[in-house]
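Participant: what would the 3D arrangement of this be:
(one chain, ligands or ions: 1)
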Amino acid sequence: MSEKASDLAISIIANKLRVNTLRMIHRARASHIGSCFSAAEILACLYWDTLLINPMLPNDPSRDRFVLSKGHAAAILYSALSERGFFPVEDLESYCQDGTTLTGHVNNSVPGVEVSTGSLGHGLPVGCGLALAAKRDGSAWRTFVLVSDGELDEGSNWEAILFAPFHKLSNLVLIIDYNKIQSFGSVSEVLELNPLADKLRAFHWNVTELDGHDIPALRVALNVISAESDIPTAILAHTVKGKGVSFMEESLLWHYKSPSNEQFLAALKELEGRQ
Ligand SMILES: [Mg+2]
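Facilitator: Now for the predicted structure:
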């Protein structure tokens, strides 16, 4: 597949990432499958369309940077990196096994991973630092950060949201995986974020709202950075937790639960039926 894939090819990739993730989490008896599935199209668009990266030169100084701040969704990031060629797909079988580098939260010793994450609220502040460094160096590379909605309860995010427009970080894109469910309940029950777009605009961000599973819309929004803008961009991606498997969708249970053998086979059948 060429680096600039068609919308259909990216859709097939997103499904492949879900299938890999299902296998990894089932094998490891691990958690966070719902959190992975809501971000499948976002990661597929980033890695197969937006990011200027070279798997053969993972530390190329001119590469775009991506930070997965919702580090508990590690399985689908590792899946994307392996399918993109950063390391062998067979290595995914070691996910969460003893001695592996493919740990349950994102580990930067894995080729292609920029920053270890998992303690929430760190990715955007780090992203601000990366973007500021690129500006000061006069470098053209861009920084993309994917956060969860529940993670926005962390005050460090709001410091970064204040910081980025002040420093004119037009080379920074914040993507919010707005699946409306966090670890202990719905976002509206735990700590309401709405009107989230208005709040970001009030902090002087350029805000786009879209369906986070709409590949053509994501591709346009993720490539929005232009020389004309002098403020950062936020993409409010409305997503479905557990997207792709009917009995996992919009269910808090699948933030934690690992599929039984029976559920694994049912989920695999659904996902393979989408291809
Ligand atoms: Mg969430």
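
Participant: can you count the residues close to the closest residue to H204 other than its chain neighbours?
Facilitator: In space, and not counting its chain neighbours, H204 is closest to P165: 3.9 Å by CB to CB, 6 or more residues apart in numbering. To be clear about C-beta, it is placed using only N, CA and C from the backbone, and glycine gets the same treatment. Using other CB atoms under 10 Å, the number of residues around P165 comes to 18.

Participant: now swap in I13 and tell me
Facilitator: Other residues within reach of I13, judged by other CB under 10 Å, total 24.

Participant: and the gap between L218 and the ion?
Facilitator: 18 Å (CB to the ion, to the nearest Å).

Participant: hmm, I typed the wrong one, I wanted A28.
Facilitator: Using CB to the ion, A28 is found at 21 Å from the ion.

Participant: thinking that residue is in contact with T100, fair?
Facilitator: No. Proximity of A28 to T100 does not meet the contact threshold set by CB atoms under 8 Å, at 9.5 Å.

Participant: return stretch 57-64 as PDB; C-alpha atoms alone will do.
Facilitator: Coordinates of each C-alpha in stretch 57-64 appear next as PDB, following Å, rounded to 0.1, in the frame of the first residue of the first chain:
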ATOM      1  CA  LEU A  57      14.200   6.100  10.100                       C
ATOM      2  CA  PRO A  58      12.100   6.200  13.200                       C
ATOM      3  CA  ASN A  59      14.300   8.900  14.800                       C
ATOM      4  CA  ASP A  60      14.600  11.100  11.700                       C
ATOM      5  CA  PRO A  61      14.800  14.700  13.300                       C
ATOM      6  CA  SER A  62      12.400  16.000  10.600                       C
ATOM      7  CA  ARG A  63       9.600  13.500  11.400                       C
ATOM      8  CA  ASP A  64       6.200  14.600  12.600                       C
END
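
Participant: buried ones in it?
Facilitator: Residues of stretch 57-64 classed as buried by neighbour count (16 or more other CB atoms under 10 Å): P58, R63, D64.

Participant: can you redo those as a markdown table with distance to the ion?
Facilitator: Output for the buried residues of stretch 57-64, formatted as a markdown table (distance: CB to the ion, whole Å):
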| residue | distance to the ion |
| --- | --- |
| P58 | 29 |
| R63 | 28 |
| D64 | 25 |
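
Participant: pick the one among those residues closest to Y95.
Facilitator: P58 (19.3 Å; CB to CB).

Participant: remind me which helix or strand that closest one belongs to.
Facilitator: According to DSSP states H and E, P58 maps onto no helix or strand at all.

Participant: repeat for the one 5 residues further on
Facilitator: Using DSSP H and E, no element contains R63; it sits outside every helix and strand.

Participant: surely it meets N54?
Facilitator: Yes. Counting by CB under 8 Å, R63 does reach N54; the two are 6.9 Å apart.

Participant: between the two, what contacts are shared?
Facilitator: Taking CB atoms under 8 Å, 6 or more residues apart in numbering as the contact rule, R63 and N54 touch no residue in common.

Participant: what residues does the stretch 101-250 of the chain have near the ion?
Facilitator: Residues of the stretch 101-250 of the chain found near the ion (CB under 5 Å from the ion) are S148, D149, G150, N179, I181, Q182.

Participant: at 8 Å instead, please
Facilitator: Within the stretch 101-250 of the chain, the positions adjacent to the ion are S148, D149, G150, E151, D177, Y178, N179, K180, I181, Q182, V187, K241 by CB under 8 Å from the ion.

Participant: so what's the residue count around the residue in the stretch 151-275 of the chain that the ion sits nearest to?
Facilitator: Residue nearest to the ion within the stretch 151-275 of the chain: N179 (4.3 Å; CB to the ion). N179 is flanked by 27 other residues according to other CB under 10 Å.
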